[in-house]
Each structure stands twice: as structure tokens, then as C-alpha cells.
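Participant: with the sequence up front, the predicted model follows.
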Amino acid sequence: MTDDTSLILSDHPGGVACITLDAAPVNALTAENLMAFATLIERLETDDTVRAVMIASSCKVFSAGLNLKQAQTFGVAEQHAIVKGLNQGFLALFKCSKPTVVAVNGAAIAGGLFYVLASDVRVAAPAASFGLAEVRVGADFPLGPLEIARAMLSPNDLRRLMMTGQPITADEAKISGIVDKVVPAETLLQEALAEAAALGKIPPNTYASVKRQIRGSVIDRIEGGIAAGANAPEGGWFTDETVPAMRSMLGG
């Protein structure tokens, strides 16, 4: 278990540690669970018994991003807190020196997609869907998620996902390279665990070095931006358009 009840930690053969997102009903992102996720990733990174990390969901929805009903009430302090959580939580996953695998069983939308984009290997069930809905709710992207998206998505997928806010299917995501495999729902966890165990057999120092070679410049930009104040954008995260757009998304 973990100190945060929205995260369940379990150990599996091959030194695989599985973090199960367990914030029913839709694994909504909060400042608290994102910071707890970052802390847990950093702890597993220093644990010599862990060879790979897997992320899964206990909910039908993998993660739907922010709870828009709650987010409508956020003042500047709450906006800064969630921006910090998004930056720190997904940076921790993106820079984790150990192999990371994600098993996507359902919708991974808005902030929820960054569990996918920040992971090394992505396995999805046929019912999974993938999208970046921020533009539809009147919000742009915090620095960390933005840089991760730029690094992990093709220019055409950036256009398609970020400018329209519309989701794509698991099969479309596989064609785009957003996911590596689409497998039957009943074997999703088994196949993702097998992928993680296989990655865990790679010499760990070499794996960490190669990941840093690939991602180091992006990590440096995110960390530099955080040091310069990106966790607390002046005036908050939201604009005058955000709350009305959130209400519209919720049918209000």
C-alpha cells in the first residue's frame, strides 16, 4: 500500500512494482494525488528491488483528468497547486530512470493522457480512448505536460489532439504510435506485466543512461521552467473563458 489511498502498490515477479490508480469513479486528478504519485515514483526509483514500474487503473475509466465540477471553484492558490501537481507528477514519471509500462483499460483523457505519454511502453485494451480536451475547457497546458506532449507526439498528432480536443480510439492511437499494443481486455494486465518484466531484464544503468540521452533536454527544460516559476503562473492557470467552458462541457 501507499500513504495515499488513491494509489495501490503491488509487487509482481521480475521486480515489477505496479501502481494502480484507485480514485473512483474516474481517477480524477487532484493536486494531492499527483504529488503523492510523484513521491511514490521517486521512492520506487531508489528501491534496488524494483526493476520496472507499471501503472494500471482499478476504474472503468483509466483517468478522466480534472474533476471539472470541482475545478470551477478553484481560486489562484488551488490553480497553482494543480499546476504544480501536473508538472511534478508527470515529470517524475517521464524522468524515472527505471522502465515504465502503462496498461490502459479505458479513457485516458486530458491530464489523464500524460500517464500514457510519460511512460516508456504503452499497452491498451480495445475500449481505451485517448484525448487532450484542455482546449475545449478553456485551458492551455502547464509547462511539464506541454513539453512531454511535444516530445512524445508527432506534429500531426499534436495538431489533431490538442487543437480539436477530440479523442481517438485505441486502434487509431496504435497507428499513431501513442500506444504500442492493443490486446484483449482480459489479458491486458498480464501482457503489460510481461512487458515490464522483460524491460526489467535490461541492464539498469544502461537503460537509465539511454533514457536520459533521449529525454534529457526535455527534462532540463521542464526543470528549468519549474525553477523559474512555472508551478505558479502569474494570475493563476485559468482565464475568463475557463469556467464557462467547463460548465458547457458539463452541460450547464
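Facilitator: Happy to help now that I have it.

Participant: export the helix ranked longest in the chain as CSV, just CAs?
Facilitator: Among the segments of the chain that qualify as a helix by DSSP state H, the longest is helix 204-227. Coordinates of each C-alpha in helix 204-227 appear next as CSV, following Å, rounded to 0.1, in the frame of the first residue of the first chain:
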residue,chain,number,x,y,z
PRO,A,204,19.5,-1.0,-15.4
ASN,A,205,22.3,1.6,-15.6
THR,A,206,22.4,1.3,-19.4
TYR,A,207,18.6,1.7,-19.6
ALA,A,208,18.8,4.8,-17.4
SER,A,209,21.6,6.3,-19.5
VAL,A,210,19.8,5.7,-22.8
LYS,A,211,16.6,7.2,-21.4
ARG,A,212,18.5,10.3,-20.3
GLN,A,213,20.1,10.6,-23.7
ILE,A,214,16.6,10.5,-25.3
ARG,A,215,14.8,12.7,-22.8
GLY,A,216,17.4,14.8,-21.1
SER,A,217,16.9,18.0,-23.0
VAL,A,218,13.1,17.9,-22.4
ILE,A,219,13.7,17.1,-18.6
ASP,A,220,16.1,20.1,-18.4
ARG,A,221,13.5,22.4,-20.0
ILE,A,222,10.8,21.4,-17.6
GLU,A,223,13.1,21.6,-14.5
GLY,A,224,14.4,24.9,-15.7
GLY,A,225,10.9,26.2,-16.2
ILE,A,226,9.8,25.0,-12.7
ALA,A,227,12.8,26.7,-11.2
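
Participant: averaged pLDDT, it. What do you get?
Facilitator: For helix 204-227, mean pLDDT is 98.

Participant: next structured bit after that helix?
Facilitator: Downstream of helix 204-227, the next assigned helix or strand under DSSP states H and E is helix 242-249.

Participant: residues of that following helix that come out buried?
Facilitator: For helix 242-249, burial by neighbour count (16 or more other CB atoms under 10 Å) applies to 242-243, 245-246. (Each C-beta comes from the backbone N, C-alpha and C, glycine too.)

Participant: list just the nearest of the residues you listed to Arg221.
Facilitator: When the buried residues of helix 242-249 are compared for distance to Arg221 (CB to CB), Thr242 wins out at 25.1 Å.

Participant: list the contacts of that closest one.
Facilitator: Taking CB atoms under 8 Å, 6 or more residues apart in numbering as the contact definition, Thr242 lies against 137-139.

Participant: out of those, which is most surrounded?
Facilitator: Compared across the contacts of Thr242, Val137 has the highest neighbour count, 24 neighbours, by other CB atoms under 10 Å.

Participant: just the helices in the stretch 1-150 of the chain please.
Facilitator: Assigned by DSSP state H, counting those that start in this stretch, the stretch 1-150 of the chain shows helices spanning 31-45, 68-71, 76-95, 114-117, 143-152.

Participant: my guess is Met35 meets Asn87, correct?
Facilitator: No - with contact defined as CB atoms under 8 Å, Met35 does not reach Asn87; the gap is 10.3 Å.

Participant: neighbour count winner among those two?
Facilitator: Taking neighbours as other CB under 10 Å, Met35 and Asn87 compare with Asn87 leading, 25 against 17.

Participant: now the more buried one, nearest residue through space, not along the chain?
Facilitator: Of all residues not flanking Asn87 in the chain, Gly144 sits nearest, at 3.6 Å (CB to CB, 6 or more residues apart in numbering).

Participant: neighbours of that neighbour, how many?
Facilitator: 30.

Participant: give me the distance between it and Thr169.
Facilitator: 26 Å (CB to CB, to the nearest Å).

Participant: repeat that for Thr39.
Facilitator: The spacing between Thr39 and Thr169, counted by CB to CB, is 34 Å.
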